[in-house]
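S.K.: what's the 3D shape of this:
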Amino acid sequence: MTSATVYDLATKDLDPPLAVVDLAAFDANAADLRRRAAGKPIRIVSKSVRCRALLERALTMPGFEGLMCYSLAEAVWHVEQGTTDDIVVAYPTADHEALRSLATSEKARAAIAIMVDSPEHLDLVDAALGHGHPEIRVCLELDASWRPAPGIHVGTRRSPLFTPKQASAFAREIVARPGFRLVGVMAYEGQIAGLGDAAGHRLNRALVGWMQRRSAAELTRRRGEAVRAVQAVTPLEFVNGGGTGSLESTGADAVVTEIAAGSGLIGPTLFDGYTRFKPRPAALFALPVVRRPTRKIATLFSGGYIASGPTGPSRQPKPYLPTGLKFLGFEGAGEVQTPVTGRAARTLKPGDRVWLRHAKAGELAERFTHYHLVLGDRVERTVPTYRGEHQNFG
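M.R.: Residues are numbered from 1 along each chain as shown. Coordinates of the predicted model:
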């Protein structure tokens, strides 16, 4: 029995478009993340899952501790739902309502640390809550990009704090401000964790691998110095780093106490291009065939679920099952229709299903209100995504 038949059989009573999560693949991916983390706890990146039931499933597994949320409102919601009492918000917030919710909930304040990288972030909290507000736990973000020469920046544009001296100075400012407690340091090495080293031509692969090795060595030294400088100012509860693509190098850094990862649970197409690991595709979506414009083309309903990031083919979903299908170059995945061609397209007929994979891990959940959790050839249960729980965190 082919995989396509298994998914078709499991969802035979459901109408597409629909999305499934293969629990066997999800659990296998979780086990592989634990193996690669080599004993360091993994903080689950919620944006890469966006489904409370799946986050809770992973949190029950050995090696996974706490969430890294992308929104303060999301973090407060998880505390209210009882998902976990250990959350770091990975991005600074300008949400006054969420800050007020945080300040008025003793449970939320004890569970959540918000991200800061400048005095303006502290000013914003004071403006939202007023002076004399309850103590807010904060995490200092160190920029983890690679800057091998003046004017060259490799990595994501995040914190302005790059040097140990800058981190130490800001740590002293946090400690001196009433209403704040510095509890952690985070450094996300996107140029290693989020950039595949097995994609493209051989020269490109060699350059990416060379860059990542140099960047990892430089960051290990600089992050260590920065953390020690901050610890000279105040004790820390955690030092967070990494991502799905950098578990090995981040875990080897002695100052890192936990590693953030999430996409590796889902296995989207952007994570096909790594030499260090091969996640199994866990989240799939099915579109129905609705017409046959020619003998060689089958047209699917809907499907233009384009991922964020630099536009291009890598951000499009990809046909997965049946094998051998591809998009038309001049049409791609469309708003209301998606033509596919290839050998398998010749045998497709209206009503048949084509299974596709999204480019990114969590954004598929913004398209569907529910995930059907598949185990073998049956749906074990159907659970809401964030969207299905009427939650939209931007």
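S.K.: going by C-alpha atoms from here, please, whenever you check contacts or count neighbours.
M.R.: OK.
S.K.: what about the spatially most central residue of the chain, distance to Met211?
M.R.: Centroid-nearest residue in the chain: Ser48, 3.1 Å away (criterion: C-alpha atoms, centre = their mean). According to C-alpha to C-alpha, to the nearest Å, Ser48 stands 25 Å off from Met211.
S.K.: swap in Phe327?
M.R.: For Phe327, the distance to Met211 (C-alpha to C-alpha) stands at 33 Å.
S.K.: now do the helices in the stretch 1-150 of the chain.
M.R.: Per DSSP state H, counting those that start in this stretch, the stretch 1-150 of the chain carries helices over the ranges 3-10, 23-37, 52-59, 72-81, 96-103, 106-111, 119-129.
S.K.: orientation of the third one relative to helix 72-81 in degrees?
M.R.: Helix 52-59 runs at 70 degrees relative to helix 72-81, counting by axes from the mean of the first three to the mean of the last three C-alpha atoms, to 10 degrees.
S.K.: could you tell me the end-to-end distance of stretch 33-42?
M.R.: The first residue of stretch 33-42 is 8 Å away from its last residue (C-alpha to C-alpha).
S.K.: how far off centre is that stretch?
M.R.: Chain-centre distance of stretch 33-42: 17 Å, with C-alpha atoms, centre = their mean, to the nearest Å.
S.K.: pull the contacting residues for the residue nearest to the centre of the chain.
M.R.: By C-alpha atoms under 8 Å, 6 or more residues apart in numbering, Ser48 lies in contact with 262-263, 266, 360-363.
S.K.: now the phi/psi pair for the residue lying closest to Val49 once chain neighbours are set aside, please.
M.R.: In this structure, Val49 finds its nearest non-sequential neighbour in Gly362, 4.6 Å apart by C-alpha to C-alpha, 6 or more residues apart in numbering. Dihedral angles of Gly362 (phi, psi; degrees, to the nearest 10) stand at phi -90, psi -20.
S.K.: now Thr338
M.R.: With angles defined as degrees, to the nearest 10, Thr338 sits at phi -140, psi 100.
S.K.: test my guess that Gly132 contacts Arg177.
M.R.: No: taking contacts as C-alpha atoms under 8 Å, Gly132 lies outside contact range of Arg177: 10.6 Å.
S.K.: the two: which is more packed in?
M.R.: Here Gly132 and Arg177 are compared on neighbour count by other C-alpha atoms under 10 Å; more neighbours surround Arg177, at 12 against 9.
S.K.: quick one: Cys69 from Leu18, how far?
M.R.: Remark: distance between Cys69 and Leu18 (C-alpha to C-alpha) = 26 Å.
S.K.: which one's more surrounded, the two?
M.R.: Higher neighbour count among Cys69 and Leu18: Cys69, with 25 against 19, using other C-alpha under 10 Å.
S.K.: contacting residues for the more buried one?
M.R.: When contacts are counted by C-alpha under 8 Å, 6+ apart, Cys69 is found next to 45-47, 75, 87-90.
S.K.: then Ala226?
M.R.: Listed by C-alpha under 8 Å, 6+ apart, the contact set of Ala226 reads 163-165, 167-168.
S.K.: quick one: least confident helix or strand in this protein?
M.R.: Within the chain, confidence by mean pLDDT, DSSP states H and E is lowest for helix 190-193 among all helices and strands, at a mean of 74.
S.K.: residues in contact with that one?
M.R.: Contacts of helix 190-193 (C-alpha under 8 Å, 6+ apart): 144-146, 154-156, 212, 215-216, 242-247.
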